[in-house]
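# Dropping a prediction and its sequence here:
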Amino acid sequence: MRLPMVAVLASGLLAGCAGNLADYVGPRTDIVSPQLARYGFAPEEMQCVSQRLAAGLTPLQLRQLVRFAGAVNQGYYDPARLTPRDLAHVASTMEDPQIRLELDRATQSCGAGIVTVEAPPPTSAPAGPSAAPRPPTWLNLGAAPTGQSIAVDAATLVQEGNVRRAWVRLTNPDETAPTDVSYLLVMDCAGRTLEALAHRRQDAAGAVTEYHEYARDAEGPVPIEGGTVMEIAYLALCT
């Protein structure tokens, strides 16, 4: 039987990410090519860069890059479009330095023009599952009867129809400081359900020191229970 979502978040249970079997038997270039197209690589650049990345990274690393890149919907440097420069910045925020290194090597070898990445404008960074490109804006949403409280990083909040996606963090009862772990949640406002996609741990400077994605639950998202911090988040973000 599945544990309630609040218990899962509070205990910090992890789920491994072993990658897709098809990644190991099919062409690895297909893993990252769609994201390269999203980020504005020309067709010939996309083919070259995807081949170089497929040779230098494991399928799991490619999937991690794809997940991070896929969470970005607005350009850091030009909000109207995504560019190769934006992808380089996404890679630079990831915990695994080899991913950024191999992307640099691939783009330079293919003449795609990414050599260095400047800090993005502070007002144009979208949400993502990695260390936030702009300083987080934590907003306290309130406390449950248990005394546990929840805050949302408004800088990461994405609204798509009835769906809300954002990073949240908890403060346990009788404690004044939040935990160093935050959770990426997707909330269906119409269905009143919730799913945790990942968690991350950050140091005092805000750098991500640990990042784990959860395996998808076969039973799907869980209902939001009354009297919990998840209900507080639902009321704040959906009503």
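Thanks, I have it. Numbering: from 1, shown residues only.
# my read is residue 175 is in a strand, agree?
No - under DSSP: H, G, I helix; E, B strand; the rest coil, residue 175 sits outside any strand and is assigned coil.
# Helix or strand next in line after the host helix or strand of residue 108, which one?
Of the helices and strands defined by DSSP states H and E, residue 108 is found in helix 97-109. Downstream of helix 97-109, the first helix or strand assigned by DSSP H and E is strand 138-143.
# Check which helices and strands that following strand is in contact with.
Counting contacts by 3 or more CB pairs under 8 Å, 6 or more residues apart in numbering; DSSP states H and E, strand 138-143 packs against strand 149-153, helix 229-238. C-beta: built from backbone N, CA, C; applies to glycine.
# now, of these, which is deepest in the fold?
Of the helices and strands packed on strand 138-143, the one with the most neighbours on average (mean count of other CB atoms under 10 Å) is strand 149-153, at a mean of 22.
# Please list the residues outside that strand that contact it.
Applying CB atoms under 8 Å, 6 or more residues apart in numbering, the set of residues contacting strand 149-153 from outside is 132, 136-144, 166-171, 178, 182, 229-230, 232-233, 236-237.
# same question, stretch 171-179
Contacts of stretch 171-179 with the rest of the structure, by CB under 8 Å, 6+ apart, involve 10, 138, 146-151, 169-170.
# Flag every buried residue along the helix holding residue 108.
99-100, 102-104, 106-107 (16 or more other CB atoms under 10 Å).
# Surely residue 163 and residue 187 touch.
Yes - under the criterion of CB atoms under 8 Å, residue 163 makes contact with residue 187 at 7.0 Å.
# what about these two, which has more around it?
residue 187 (22 against 14; other CB atoms under 10 Å).
# Mind telling me what element that one is part of?
Taking DSSP H and E as the definition, residue 187 sits inside strand 181-188.
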